[in-house]
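Chemist: Quick one, what's the 3D model for this:
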Amino acid sequence: MPPHFLSTELNIVVASYQCPQAGASPLLDSIFNTSSRHIHIFSLLLVFSNTHHLLSVVLADHPAMASQTIETHRAGADVVHGDAAACKKAAVELLGEIGLPKGLFPLDDMQEFGYNREAGFMWLVQGRKKTEHTFKKIKQTVSYGGEVTAFAEKGKLRKIAGVKTKELMLWLTVVEVYVDDAAPCKVTFKTGTGLSDSFDATAFELGM
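Modeler: The predicted structure is shown next:
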């Protein structure tokens, strides 16, 4: 029986794994000698693969829910609509204002950008269903949905919806992006699985 392909957003809790005795299996030795992040990713693949077939897990967003959240915060918000260049300029200005790299939203087809300053809620709508962008300096691919929403505060975007990052064969939902005061030259991406990874902030400057 072929594996089932998941098409709903999942919050995956990865159990802790006890490292097996060294030398018990060359394959296991190679797995547990990698970084802990890749151990967790590999364990996710094992959880969802019960056959010898390749399984690709897609964590989908909920556009209807995102649209409803946008409408809830539209009243009193500053909204730029219809001009892609003006929308991107507004997004870049907000990122700069809160202290995040200005190239985090490398989207040239924005149809709307809004920011409700009182609630701290921002959103963007692009003409495409999704856009995939690879940040070349770190070779990291990020997918942006047709609607992206987040709550913005100093040095952080939290409760993000509509953004995923690719790890091995998995697309993981990004829920938070932040710059730590203790390490302002690093940007950290936190996913819904609880995993996080930090990168050089210069990798997310405009044009990267």
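Chemist: For the rest of this, base every contact and every neighbour count on C-alpha atoms.
Modeler: OK.
Chemist: So what sits opposite Trp123 in the bridge?
Modeler: Judged by DSSP bridges, the bridge partners of Trp123 are Gly114, Thr149.
Chemist: Any stretches of the chain with poor pLDDT?
Modeler: 1-66, 208 (pLDDT under 70).
Chemist: can you pull the contacts of Leu124?
Modeler: 110-114, 147-149 (Cα atoms under 8 Å, 6 or more residues apart in numbering).
Chemist: Look up the closest residue to it, ignoring the ones flanking it.
Modeler: Once flanking residues are discounted, Leu124 sits nearest to Phe113: 4.4 Å by Cα to Cα, 6 or more residues apart in numbering.
Chemist: Am I right that the one you found is in contact with Gly82?
Modeler: No - the criterion here is Cα atoms under 8 Å, and Phe113 misses it with Gly82 at 9.2 Å.
Chemist: Show me which of these two is the more surrounded one.
Modeler: Phe113 (27 against 13; other Cα atoms under 10 Å).
Chemist: Any figure for the gap between that one and Gly96?
Modeler: 15 Å (Cα to Cα, to the nearest Å).
Chemist: so where do the helices sit in the chain?
Modeler: Using DSSP state H, the helices of the chain run over residues 26-32, 36-48, 63-74, 84-98.
Chemist: ok, now how distant is the closest residue to Gly76 other than its chain neighbours from Gly82?
Modeler: Once flanking residues are discounted, Gly76 sits nearest to Asn116: 6.4 Å by Cα to Cα, 6+ apart. Look at Asn116 and Gly82: by Cα to Cα, they are 18 Å apart.
Chemist: measure Ala86 to Val125 for me?
Modeler: From Ala86 to Val125 the distance is 13 Å (Cα to Cα).
Chemist: Same drill for these two, tell me which one is more crowded.
Modeler: Val125 (23 against 16).
Chemist: Now do the contacts for the more buried one.
Modeler: By Cα under 8 Å, 6+ apart, the neighbours of Val125 are 110-113, 146-148.
Chemist: Next: Thr131.
Modeler: 107, 143-146.
Chemist: What ranges does this protein have for its strands?
Modeler: Under the criterion DSSP state E, the chain carries strands at the ranges 78-81, 110-116, 121-135, 140-153, 156-167, 170-180, 183-191, 196-200.
Chemist: Which one, of those, ends up nearest to Ser67?
Modeler: strand 140-153 (7.6 Å; Cα to Cα).
Chemist: got the contact list for the closest one?
Modeler: With Cα under 8 Å, 6+ apart as the criterion, strand 140-153 contacts 61, 63, 66-67, 70, 98, 119-135, 157-166.
Chemist: ok, 6 Å please
Modeler: Applying Cα atoms under 6 Å, 6 or more residues apart in numbering, the external contacts of strand 140-153 come out as 120-126, 128-134, 157-166.
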